[in-house]
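In: pasting a predicted model and its sequence here:
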Amino acid sequence: MRSRYALRFLALGYLALLLGIPVGLVFANAFQDGISVAWDAVTTPEAQHAFYLTLVMVAVAVPLNTIFGVLAALAIVRQRFRGRALLNAAIDLPFAVSPVVVGLALLLVYGRRDGWVGGWFADQGIQIIFSTPGMILATMFVSLPFVAREVIPVLREIGTEQEQAAATLGAGPLQTFFRVTLPAIRWGVAYGVVLTTARALGEFGAVSVVSGKLSGQTETATLFVENRFQRFDETGAYAASVVLALLAFGTLLAMNLIKPKEAQT
Amino acid sequence: MSIVVDSVSKRFGEFVALDDVSLEVRDGSLTALLGPSGGGKSTLLRVIAGLETPDAGTVEIAGKDATQDPPQRRNVGFVFQHYAAFKHMTVANNVAFGLTIRKRAGRRRLARTARSRADEIDARVDELLKLVHLDGFAHRYPSQLSGGQRQRMALARALAVQPRVLLLDEPFGALDATVRKELRAWLRRLHDEVHVTTVFVTHDQEEAMEVAEQIVVLNEGRIEQVGSPQELYEKPANEFVMGFVGPVSELSGRWIRPHDVDILREPAGGAAEAMIDRIVHLGFEVRVELSLGDGERTWVQTTKAQAEELELSEGEIVWLRPNAPATDALSDEPIPA
């Protein structure tokens, strides 16, 4: 009995120390001068633009990475080809590489003056670095692995028999995918989407390198928090943090709401 | 519809699954592919269904070359050992799957309203669920069914599209013994009702003999023999078939069915002397284990009545004599190379 309580205490205590108390303090600090002060801090034009930009990152990176993740998982699990192991390993690269390095790598490729293809894009009138496209690329890079990593084990587990059964019943490859495979992997995809969204919302390092940090132009929510903090606007920094935290909670909550109540079959 | 398999070979890496196999399945027949695991029987079934592409040879279904057709164009029903149920769909939607796919595949030109087509599908699903005794389960999910019920659902799903041939891959392999027996008899009756050309894979000779009209014995990627259950039992083409389709015992260096041996209390011409080691009572059947003069061991299958009449007991000396011409089954049949 005692060891059982000890285990619970340890788990909950660890969580409180690492997560609960710090996040709680962020909330407390954000509202220390009252809710209206906090509200004003996150409704300035700069703050609104920062949240808008973060949502743009999410809106582009999440669907694209979801489609890529599902296709990559299908290729890795269902097909045999040269380079399959390489693809499997490469998907994990964003986990291994520090976001700052990702940002610098993007500079090397798309930088306007020294970048590999940046000059060509600049000639076409497209600015990538220090602009939204570069920030989207950075966000996509760091949030790339989640959907594939969640879907691959589910695909392995369901096997190929349901797909073969669908084929013998007259379903073509697309019908089989949309009516059999996708429903079977949907919770893997959903969880991958949640993780991708959370990562895209919170990305700081890579975006920071390629953004140029122009307040009201190339400043995402996380960059806005840093900016406010460094200018000793603590209320602004904490209030924006609260909004980011709420967005993340909302994502998790949405996932739990759409999940069916009955036991997984 | 008839199936003609001509000179089909299939390798998986170094492993030869099918080695120049040719086979004809008559329209409306019920055929078993029988053999040990790894013998090629499942591969042959999957080649017929289009789930595997042969390295060489052709497959004809209903008189047309289907070798290059993908499975969805072959119009075959396929039942998997582990059911392959669509877990996210109800039983009714599982069964309706093939029908709704076809609805989309261009039946619209028949100028029916979508409504009447949907009613038609519902009616057909009801009919099929009755056929497999699953009426009342339409709105359940596969996870709420037993193994036997799931397999019947899979069968209804395969039959829904009115396939030209029905293929079953070890359909009862994952079920427990009583359900197996029940479903075997039921499959037999179903075939009498529906008359669709049916091929099923099994490694169980009893199952093959009980259900099939024609048995194809496959071993190491080759066909050993094709014939009716009786033919295989009484005139096996070689030792492999003889050993696979029934019990075998050895008497004076010859293979023989253990019930084709008489036990005599007195010496007689052509009879070999033996000592009874053990008598095993299995109800109606009695199994007598003996040692021959040269120390070789053998066994004879007899009935309870005969054993009692002869008053057999362990340790006694008796004489054994083959009692039927069929005993020497292999001598007048050439063994294929």
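Out: Sure thing, it's come through.

In: helices and strands around the host helix or strand of B:L155, which ones?
Out: Taking DSSP states H and E as the definition, B:L155 sits inside helix B:147-160. On a contact count with 3 or more Cβ pairs under 8 Å, 6 or more residues apart in numbering or on different chains; DSSP states H and E, helix B:147-160 meets helix A:161-168, strand B:76-79, helix B:91-104, helix B:114-131, strand B:165-169, helix B:177-194. Yep, even glycine has a C-beta here, placed from its N, CA and C like the rest.

In: I'd like those as TSV, with mean neighbour count, distance to A:A47 and mean pLDDT appended.
Out: What follows is those, written out as TSV (neighbours: other Cβ atoms under 10 Å in any protein chain shown; distance: least, Cβ to Cβ, whole Å; pLDDT from 0 to 100):
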stretch	mean neighbour count	distance to A:A47	mean pLDDT
helix A:161-168	22	48	95
strand B:76-79	27	60	94
helix B:91-104	22	49	87
helix B:114-131	15	51	87
strand B:165-169	24	63	95
helix B:177-194	15	66	87
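
In: on that earlier part again, distance from the helix holding B:L155 to the middle of the chain?
Out: 18 Å (Cα atoms, centre = their mean, to the nearest Å).

In: show the average pLDDT along stretch B:18-30.
Out: Over the span of stretch B:18-30, the pLDDT mean works out to 94.

In: that should have said stretch A:197-208, apologies.
Out: Rounded mean pLDDT across stretch A:197-208 is 93.

In: give me the distance from the helix or strand harbouring B:Q306 to the chain's centre.
Out: Taking DSSP H and E as the definition, B:Q306 sits inside helix B:304-309. Centroid displacement of helix B:304-309 relative to its chain, using Cα atoms, centre = their mean, is 34 Å.

In: that helix - contacts with which helices or strands?
Out: strand B:285-292.

In: so what does the host helix or strand of B:L18 touch, helix or strand wise?
Out: Applying DSSP H and E as the criterion places B:L18 in strand B:15-25. With contacts taken as 3+ Cβ pairs under 8 Å, 6+ apart, strand B:15-25 sits against strand B:3-12, helix B:41-49, strand B:56-61, strand B:214-219, strand B:222-227.

In: repeat the analysis, applying 7 Å as the threshold.
Out: strand B:3-12, helix B:41-49, strand B:222-227 (3 or more Cβ pairs under 7 Å, 6 or more residues apart in numbering or on different chains; DSSP states H and E).

In: tell me which of those sits most buried.
Out: helix B:41-49 (a mean of 25; mean count of other Cβ atoms under 10 Å in any protein chain shown).

In: what sits up against it?
Out: Outside of helix B:41-49, the residues within contact range by Cβ atoms under 7 Å, 6 or more residues apart in numbering or on different chains are A:168, B:3, B:5, B:8, B:10, B:17-18, B:21, B:33-35, B:52, B:54, B:59, B:71, B:74, B:76, B:78, B:167, B:169, B:199, B:201, B:218.

In: that helix vs strand B:15-25, what angle?
Out: 60 degrees (axes from the mean of the first three to the mean of the last three Cα atoms, to 10 degrees).

In: output the below-cut-off pLDDT ranges for chain A.
Out: Scanning chain A with the threshold set as pLDDT under 70 gives A:1, A:260-265.

In: tell me the SS of A:T43?
Out: When classified by DSSP: H, G, I helix; E, B strand; the rest coil, A:T43 comes out as coil.

In: from A:R156, how far out is it?
Out: 48 Å (Cβ to Cβ, to the nearest Å).

In: show me which residues of the stretch 51-200 of chain A sit near chain B.
Out: A:161-162, A:164-165, A:167-172, A:175, A:180, A:183-184 (Cβ under 7 Å from any Cβ of the partner chain).

In: skipping its backbone neighbours, what lies nearest the residue in the stretch 151-300 of chain B positioned nearest to chain A in space?
Out: Residue nearest to chain A within the stretch 151-300 of chain B (Cβ to the nearest Cβ): B:V161, separated by 6.0 Å. In this structure, B:V161 finds its nearest non-sequential neighbour in B:G98, 3.8 Å apart by Cβ to Cβ, 6 or more residues apart in numbering or on different chains.

In: list the residues that contact the one you found.
Out: A:L169, A:G170, B:R157, B:A160, B:V161.

In: what does stretch A:150-162 rub up against?
Out: Contacts of stretch A:150-162 (Cβ under 7 Å, 6+ apart): A:69-70, A:73-74, A:76-77, A:180, A:184-185, A:188-189, A:191-192, B:80, B:82, B:84, B:86.

In: need the contact list for residue 121.
Out: You didn't pick a chain, so chain A it is. A:F121 neighbours (Cβ under 7 Å, 6+ apart): A:Y110, A:I128.

In: the intended chain is chain B.
Out: B:I121 neighbours (Cβ under 7 Å, 6+ apart): B:A96, B:L99, B:T100.

In: quick one: neighbours of B:L312, just the number.
Out: 18 (other Cβ atoms under 10 Å in any protein chain shown).

In: helix, strand, or coil at it?
Out: Per three-state DSSP, B:L312 ends up coil.

In: so it sits right up against B:I276, yeah?
Out: Yes. Between B:L312 and B:I276 there is a contact under Cβ atoms under 7 Å: 6.2 Å.

In: what sits in contact with each of those two?
Out: Common neighbours of B:L312 and B:I276 (Cβ under 7 Å, 6+ apart) are B:V288.

In: interface residues of the stretch 1-150 of chain B facing chain A?
Out: Counting by Cβ under 7 Å from any Cβ, the stretch 1-150 of chain B sits next to chain A at B:49, B:51, B:70-72, B:76-78, B:80, B:82, B:84, B:86-88, B:97-98, B:101-102, B:105, B:141, B:143.

In: local confidence estimate at B:L251?
Out: 84.

In: one more: B:A174?
Out: Taking B:A174 on its own, its pLDDT is 81.

In: B:V95: what's it in contact with?
Out: Contacts of B:V95 by Cβ under 7 Å, 6+ apart are B:V125, B:L128, B:L129, B:M153, B:A156, B:R157, B:A160.

In: ok so, going back, residues in contact with the helix holding B:L155?
Out: With Cβ under 7 Å, 6+ apart, helix B:147-160 has contacts from A:169, B:77-80, B:83-85, B:91, B:94-99, B:124, B:128-129, B:131-134, B:137, B:142, B:145, B:166, B:171, B:174-175, B:179, B:183, B:194.

In: quick check: B:V217 vs B:Q225, distance?
Out: 5 Å.

In: what's the answer for B:L99, then?
Out: 39 Å.

In: ok, B:T198 next?
Out: Counting by Cβ to Cβ, the gap from B:T198 to B:Q225 is 20 Å.

In: ok, the closest residue to A:D114 other than its chain neighbours to A:I129 distance?
Out: Nearest residue to A:D114 in three dimensions, chain neighbours excluded: A:L108, at 7.4 Å (Cβ to Cβ, 6+ apart). A:L108 sits 10 Å away from A:I129, going by Cβ to Cβ.

In: neighbour count: these two, which is higher?
Out: More crowded of A:L108 and A:I129, by other Cβ under 10 Å: A:I129, with 27 against 12.

In: for that one, pull up the helix or strand it's in.
Out: Here A:I129 is assigned to no helix or strand, by DSSP H and E.
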